[in-house]
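> Attaching a predicted model along with its sequence, questions to come.
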Amino acid sequence: GFAKALEIATAQYTTESAYIYDLKVYMMEQLTKHIPGVAFNGDPLGKSLYAVLSVSFPKTEKSEMILFNLDIHHICASGGSACTSGADQGSHVIRAINNNPNQVTVRFSFSKHNTKAEIDTVVEKLKELI
């Protein structure tokens, strides 16, 4: 059963991973265009996972509650890095990459089921929340 599941999961890998990468690039473009002061952590177009985008937003009174507000609007995102999910003190990985206390980091993940329209919705909501 596992072999069949793996076969199904990887059958369209090349096409699906290219689609997901294009979504990531599209989100970067839209955030850069619409959110002043946005920054991207790590090497988002190079040595990083094609399905994940780590974004740092300027810290404001509104943006400090960004994850909570995204969740209220049914937008799933995570704070910091995956290696410290649930940690109270923040991500040592994000501090090593970008140790700017004036920024709030949010991690967005993409799949073959996401669309550019969904990204447009997220960006519009972020414009209100930053």
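In hand now; what should we look at?
> got a list of what residue 23 touches?
Contacts for residue 23 (Cβ atoms under 8 Å, 6 or more residues apart in numbering) come out as 110, 114-116, 119. Backbone N, C-alpha and C define where each C-beta goes, glycine included.
> Mind putting those into TSV with neighbour count and pLDDT?
Below are these laid out as TSV (neighbours: other Cβ atoms under 10 Å; pLDDT from 0 to 100):
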residue	neighbour count	pLDDT
110	21	97
114	18	98
115	11	98
116	12	98
119	20	98
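> Looking at those residues, which one is closest to residue 10?
Taking Cβ to Cβ as the measure, residue 110 is the one of the contacts of residue 23 closest to residue 10, at 17.6 Å.
> Nearest residue to the spatially most central residue of the chain in space, please, no chain neighbours.
Taking Cα atoms, centre = their mean, the centroid of the chain lies closest to residue 108, which sits 1.9 Å from it. Spatial nearest neighbour of residue 108, chain neighbours left out: residue 53 (4.7 Å); criterion: Cβ to Cβ, 6 or more residues apart in numbering.
> hey, which helix is longest across the protein?
Longest helix of the chain, by residue count under DSSP state H: helix 13-34.
> Which helix or which strand is home to the residue nearest to residue 108?
strand 52-58 (DSSP states H and E).
> Could the C-alpha coordinates of that strand be exported in CSV?
This file holds the C-alpha atoms of strand 52-58, laid out as CSV (Å, rounded to 0.1, in the frame of the first residue of the first chain):
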residue,chain,number,x,y,z
VAL,A,52,7.6,27.4,1.7
LEU,A,53,8.0,31.2,1.9
SER,A,54,9.3,32.8,5.0
VAL,A,55,8.3,36.5,5.1
SER,A,56,9.3,39.3,7.5
PHE,A,57,6.8,42.1,7.8
PRO,A,58,7.5,45.5,9.5
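> That strand: which residues count as buried?
52-57 (16 or more other Cβ atoms under 10 Å).
> wait, the residue nearest to the centre of the chain sits on residue 27?
Yes - using Cβ atoms under 8 Å, residue 108 is in contact with residue 27, at 6.6 Å.
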